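Peer 1: Pasting a predicted model and its sequence here:
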Amino acid sequence: MNAESTVFRSSRPAVVLPPGGEGARAAASLLAWPLRLAATPIGRRLLGAVVLAVVAVGTISYLYDSADQPRVPAIFRPAGLSAEAGATRAAAVDRQAAAAPVGAKKAATASEVAAAWFAARQKLTVEKVRPLQQRRVSAKEVQVLVVAEGAGPKMPSQYVTVRKGPSGWKVP
């Protein structure tokens, strides 16, 4: 036999509130509370402030949720070349890059140099290090904030100072 069967025992009686009972009056007064509050001058101001706060929080939340996506870098094309000539030249450059050893690529920008230096210092690959921002110290010196994707929750970061010399950007 099933212990939950209702054949041998009666089911629980339903809880029924009378239509004009205390619960109905409490619900009606609770639902009418904002309208009674809006009837007073201070209540209108308070409700207006609440509405403005909700709109502000919603707007700011939306702006944080839809942050700018990182830009895709444009393919470099020398001036005076058509798009087709640039595409064939880009394909040739890609073939050369695929055939070249990994360490043969020379960093062109300060952020690339800083990321490569920090990756070597942290014993990581360059793909796991990202430059976040730069600040110019002088005409030939830039500080780059880099962060590395470490194992687990560790994400080491550091400002790396990079100087521009005759042969390009270098970490002193």
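Peer 2: Nice, thanks for sending it over. Keep in mind that what you see is a predicted model, and the values were worked out from it rather than measured. Numbering: from 1, shown residues only.

Peer 1: Every contact and neighbour count from this point should use C-alpha atoms.
Peer 2: OK.

Peer 1: surely residue 137 meets residue 143?
Peer 2: Yes: the criterion here is Cα atoms under 8 Å, and residue 137 meets it with residue 143 at 6.8 Å.

Peer 1: OK, contacts around residue 49?
Peer 2: If a contact means Cα atoms under 8 Å, 6 or more residues apart in numbering, then residue 49 has no contacts.

Peer 1: The worst-scoring helix or strand of the chain on mean pLDDT: what's the following helix or strand?
Peer 2: For the chain, the helix or strand with the lowest mean confidence is helix 83-99, at a mean of 55 (criterion: mean pLDDT, DSSP states H and E). Following the chain from helix 83-99 toward its C-terminal end, the next helix or strand by DSSP states H and E is helix 110-122.

Peer 1: For that following helix, C-alpha coordinates in CSV please.
Peer 2: Taking Å, rounded to 0.1, in the frame of the first residue of the first chain, the C-alpha atoms of helix 110-122 are listed here in CSV:
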residue,chain,number,x,y,z
ALA,A,110,55.9,49.8,-27.5
SER,A,111,53.0,47.6,-26.3
GLU,A,112,54.3,44.6,-28.2
VAL,A,113,57.8,45.1,-26.8
ALA,A,114,56.5,45.4,-23.3
ALA,A,115,54.3,42.3,-23.7
ALA,A,116,57.1,40.2,-25.0
TRP,A,117,59.5,41.3,-22.2
PHE,A,118,56.9,40.6,-19.5
ALA,A,119,56.0,37.2,-21.1
ALA,A,120,59.7,36.3,-21.0
ARG,A,121,60.0,37.5,-17.4
GLN,A,122,56.9,35.5,-16.3
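
Peer 1: That one - what's its average pLDDT?
Peer 2: Mean per-residue pLDDT for helix 110-122: 92.

Peer 1: Determine the set of other helices and strands touching it.
Peer 2: If contacts are counted by 3 or more Cα pairs under 8 Å, 6 or more residues apart in numbering; DSSP states H and E, helix 110-122 sits against strand 129-138, strand 141-148, strand 157-165, strand 168-170.

Peer 1: Which of those sits closest to residue 63?
Peer 2: With Cα to Cα as the criterion, residue 63 lies closest to strand 129-138 of those, at 20.3 Å.
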